[in-house]
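S.K.: below are the sequence and a predicted model; questions follow.
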Amino acid sequence: MLLTASVVYNDWVLQFFLPTGLHQRDSYVSELFAADQPYRLLFSLVEVACAVLVVTGGALAWSILPGGWASAGAAATIAFGVFSIADVLLPLHCAPSVERGCPEGSPWHTTTSGMVHFAIFASMALFIIAARHGHPPLELVRRWGPWLLAISMTAAILTVGPFFGHPGGHGLAQRIHLASVGAWFALLAVAILRYGAGDGPSSCQRGDVGELRRAK
């Protein structure tokens with residue numbers, strides 16, 4: 001699920017094939033499903049589909065991985081999907097990059113977007129902590145997770161320029177952020193698949209050792 005979500009999450013690449021009228025360098029991706037945009041329905045459906053994939057993937061991670069930090073990371077991943085759906089249900093009213101007088105954001109959409117960012121960064125951080133403690137031993141997350149977190153957070157910070165009177169380039173920064181989140185979903189999916197395929201604790205390690213000790 002998360003592996004599929006890693007591709008679907010970057011639906012902005014459809015701009016290369018659709019006449020959206022929005023410049024990728026200077027427009028927020030959320031403008032694609034703003035209330036007055038021609039392809040609002042398409043991008044909204046893709047966003048919701050991706051969110052459902054993430055929620056399902058997070059739930060599967062919850063069921064596969066051991067508790068503690070990993071469970072918290074899975075919960076944050078599920079929250080990310082839920083907040084993403086709210087982000088679509090509370091869209092921008094217009095596209096500020098091409099419509100004069102259109103505000104950069106609406107209070108509700110800005111709030112849901114902030115919650116989406118908080119959830120994904122929490123997910124990354126919690127899984128990285130879990131991997132570093134070896135519970136579970138997600139080597140790919142331990143090695144590459146911190147880099148993706150740094151890239152994603154830096155790119156996200158660079159998207160706020162228009163809110164402080166400095167527009168331009170924020171669309172590029174946001175797309176770098178989205179690409180890094182997609183890479184994170186792919187990384188996490190592969191790490192969990194490896195864990196489930198045998199990198200995780202064996203049944204002997206989970207319980208049989210204790211039975212052997214009691215038998216002695």
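M.R.: Yep, it's here.
S.K.: going by C-alpha atoms from here, please, whenever you check contacts or count neighbours.
M.R.: OK.
S.K.: so His93, which state does it fall into?
M.R.: coil (DSSP: H, G, I helix; E, B strand; the rest coil).
S.K.: doesn't Ala35 make contact with it?
M.R.: Yes. Contact status for His93 versus Ala35: in contact at 4.9 Å, counting by C-alpha atoms under 8 Å.
S.K.: mind listing the helices for this structure?
M.R.: Remark: helices assigned in the chain by DSSP state H are 2-8, 40-64, 69-89, 107-132, 139-157, 170-194, 203, 209-215.
S.K.: any chance of those in CSV, plus mean pLDDT and distance to Phe163?
M.R.: Below are these laid out as CSV (pLDDT from 0 to 100; distance: least, C-alpha to C-alpha, whole Å):
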stretch, mean pLDDT, distance to Phe163
helix 2-8, 93, 28
helix 40-64, 96, 23
helix 69-89, 97, 18
helix 107-132, 96, 11
helix 139-157, 95, 11
helix 170-194, 95, 11
helix 203, 38, 53
helix 209-215, 38, 58
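S.K.: ranking those by burial, who's on top?
M.R.: helix 69-89 (a mean of 23; mean count of other C-alpha atoms under 10 Å).
S.K.: point out the other helices and strands that that one packs with.
M.R.: Helix 69-89 makes packing contacts with helix 40-64, helix 107-132 when contacts are defined by 3 or more C-alpha pairs under 8 Å, 6 or more residues apart in numbering; DSSP states H and E.
S.K.: export those helices to a markdown table and tack on distance to Gln15?
M.R.: Shown next, in a markdown table, are these (distance: least, C-alpha to C-alpha, whole Å):
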| stretch | distance to Gln15 |
| --- | --- |
| helix 40-64 | 10 |
| helix 107-132 | 21 |
